[in-house]
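Trainee: just need the structure, nothing else, for what follows:
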Amino acid sequence: MKILSDKILSQSAFTAEIDVPFEKVNIAEWLFNLPEAEYLRCCPPDHIAAGSTTTDDGRRMSINVEMIGTGLVVQHYVADEATASYCKMNSISDVFTAVGRTQVNVIWELIAEPMEGGRTRYTNRVTSHPTDAFMDFIEQHGQTFEQAAAARQAAGGDHNRRETPLFAASIARKALAGME
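Mentor: Got it, this is the predicted structure:
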């Protein structure tokens, strides 16, 4: 399968401020130890399941199952980078639709930045690229790339807008629990 990284299927970034000092935030620790019930609280009813594992070569993975618009998406996020203030996760994601299954590439970036007054800005950035399998899939179903991208942008942007403040609040709770 080939990722068409020169094409953007959807892209969104939302921020939320949290009342926790930057030095106390650890996004990688939060992400790879996120209880499933907490993941479900971070975007109801879209979030369905989550877990952590590793690749065969030992890289950290986060597995997320969620609804994005009308598609059931199984994310297989592998950590390209995972630090306290920045995680870059890369997934070949399975998308199940009413007319069949396809795959897209999703890059998920989780970013913490210090702010004045002992606060932290959290940014949740999601970029998806089509694969050659996705392009074949939409062609077989009479849809143009522009139509597919518009639908994915609307659904993905809405999902990210709703989950970002809840992720930020969850990261803050984890940081505050570590300060006790």
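Trainee: quick one: the strands in this structure?
Mentor: For the chain, the strands defined by DSSP state E cover 10-18, 47-54, 60-68, 71-82, 86-97, 100-115, 119-130.
Trainee: how about those strands in CSV, adding distance to residue 28 and mean neighbour count?
Mentor: The C-beta positions use only the backbone N, C-alpha and C, and glycine is treated the same way. Below are these laid out as CSV (distance: least, Cβ to Cβ, whole Å; neighbours: other Cβ atoms under 10 Å):
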stretch, distance to residue 28, mean neighbour count
strand 10-18, 16, 18
strand 47-54, 11, 15
strand 60-68, 8, 19
strand 71-82, 4, 18
strand 86-97, 6, 18
strand 100-115, 9, 19
strand 119-130, 13, 20
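Trainee: which one of the ones you listed lies nearest to residue 137?
Mentor: strand 100-115 (3.9 Å; Cβ to Cβ).
Trainee: check which helices and strands the closest one sits against.
Mentor: helix 27-32, strand 71-82, strand 86-97, strand 119-130, helix 132-140, helix 145-179 (3 or more Cβ pairs under 8 Å, 6 or more residues apart in numbering; DSSP states H and E).
Trainee: tabulate these (JSON lines), appending mean pLDDT and distance to residue 46.
Mentor: Below are those laid out as JSON lines (pLDDT from 0 to 100; distance: least, Cβ to Cβ, whole Å):
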{"stretch": "helix 27-32", "mean pLDDT": "97", "distance to residue 46": "18"}
{"stretch": "strand 71-82", "mean pLDDT": "97", "distance to residue 46": "9"}
{"stretch": "strand 86-97", "mean pLDDT": "97", "distance to residue 46": "14"}
{"stretch": "strand 119-130", "mean pLDDT": "98", "distance to residue 46": "13"}
{"stretch": "helix 132-140", "mean pLDDT": "97", "distance to residue 46": "21"}
{"stretch": "helix 145-179", "mean pLDDT": "95", "distance to residue 46": "6"}
